[in-house]
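Novice: following is a predicted model, sequence given first.
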Amino acid sequence: MNKRKKFPLISPFLSLNLVNTEAVSHGRRHELLSEDQDLLDWLHIMCEEIPSLDKTILTMSQSELTEVLHLIYDFRLCLRNNFESIADGNSIDNKWILSLERNIEKAPYVFKIHAQQLVQIPTGSIVNKLFSLLSLDALQLISEGQLNKIRRCSNPDCVLLFIDTTGKRKWCSMKICGNRQKAARFQDKKDRGEKKLEF
């Protein structure tokens, strides 16, 4: 069995997880969904992390996967632009909300009981289901006020976004950026201290 690709910063929010499928390493932006298999790996991880997610999205045919991969880049860019705008203190764009609502209209929801919980299952083509799920997640973030807490990482080279529930968080994660920044500051202080001691 092939190992699934790993993705940084998994949150309980499907739309935010999609935005975070781009990362920066060594000063260059990297696409983490570059192949059909990457998308399928990401969908599997999303279904594991978000148990209420409709698992039928995992049954995409190869042609559907290829179609979604090409469409998802534009959708992710739209999400990123809006999320970053909100993180920068701008208000939510009503045109964006209408666009998300139109995606849901293409795959409206039915309700089912799954593991003792009422879950929303989109109807329609698998491609429309995925975009409906992503759009619903973004709309829920808006309606629940979560997007008011969306933040950029304090590492200026990082493109990952996160929901700051504490009001104090600075880094996308300590593992990814926080410890690196602290180590870099420590090394810088140490280097400056050694230079002062040189005669």
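Specialist: Perfect, thanks for sending it. Numbers count the residues shown, from 1 in each chain.

Novice: switch to C-alpha atoms for all contacts and neighbour counts from now on
Specialist: Will do.

Novice: which residue ranges of this structure form strands?
Specialist: Ranges of strands within the chain are 22-25, 28-31, 109-114, 117-122, 150-152, 161-163, based on DSSP state E.

Novice: export those strands as JSON lines, with columns for mean neighbour count and distance to residue 42.
Specialist: Compiled in JSON lines, those are given as follows (neighbours: other Cα atoms under 10 Å; distance: least, Cα to Cα, whole Å):
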{"stretch": "strand 22-25", "mean neighbour count": "15", "distance to residue 42": "12"}
{"stretch": "strand 28-31", "mean neighbour count": "12", "distance to residue 42": "13"}
{"stretch": "strand 109-114", "mean neighbour count": "12", "distance to residue 42": "22"}
{"stretch": "strand 117-122", "mean neighbour count": "17", "distance to residue 42": "19"}
{"stretch": "strand 150-152", "mean neighbour count": "22", "distance to residue 42": "22"}
{"stretch": "strand 161-163", "mean neighbour count": "23", "distance to residue 42": "17"}
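
Novice: which stretch among these comes nearest residue 95?
Specialist: Comparing the strands of the chain against residue 95 with Cα to Cα, the closest turns out to be strand 150-152 (19.5 Å).

Novice: for that closest one, which outside residues touch it?
Specialist: Counting by Cα atoms under 8 Å, 6 or more residues apart in numbering, the neighbours of strand 150-152 from elsewhere in the structure are 83, 84, 86, 87, 159, 160, 161, 162, 163, 164, 171, 172.

Novice: by mean pLDDT, point me to the weakest helix or strand of the protein.
Specialist: Each helix and strand of the chain was given a mean pLDDT (mean pLDDT, DSSP states H and E); the minimum falls on helix 179-197 at a mean of 53.

Novice: figure out which of the strands of the chain is closest to residue 15.
Specialist: strand 161-163 (11.0 Å).

Novice: from the contact counts, what lies against the closest one?
Specialist: helix 14-19, strand 150-152 (3 or more Cα pairs under 8 Å, 6 or more residues apart in numbering; DSSP states H and E).

Novice: how close does the residue nearest to residue 39 when sequence neighbours are not counted get to residue 87?
Specialist: Taking Cα to Cα, 6 or more residues apart in numbering, and ignoring the residues beside it in sequence, residue 39 has residue 33 as its nearest neighbour in space, at 5.6 Å. Between residue 33 and residue 87 the distance is 24 Å, computed by Cα to Cα, to the nearest Å.

Novice: buried set for stretch 130-142?
Specialist: For stretch 130-142, burial by neighbour count (16 or more other Cα atoms under 10 Å) applies to 130, 131, 132, 133, 134, 135, 136, 137, 138, 139, 141.

Novice: now those as CSV including distance to residue 59 and pLDDT?
Specialist: Below are the buried residues of stretch 130-142 laid out as CSV (distance: Cα to Cα, whole Å; pLDDT from 0 to 100):
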residue, distance to residue 59, pLDDT
130, 11, 93
131, 15, 95
132, 16, 95
133, 15, 93
134, 17, 96
135, 20, 97
136, 20, 96
137, 20, 96
138, 23, 98
139, 25, 98
141, 27, 98
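
Novice: distance to residue 13 added to those, as TSV?
Specialist: Written out in TSV, the entries for those read as follows (distance: Cα to Cα, whole Å):
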residue	distance to residue 13
130	14
131	14
132	14
133	11
134	9
135	11
136	10
137	7
138	8
139	11
141	8
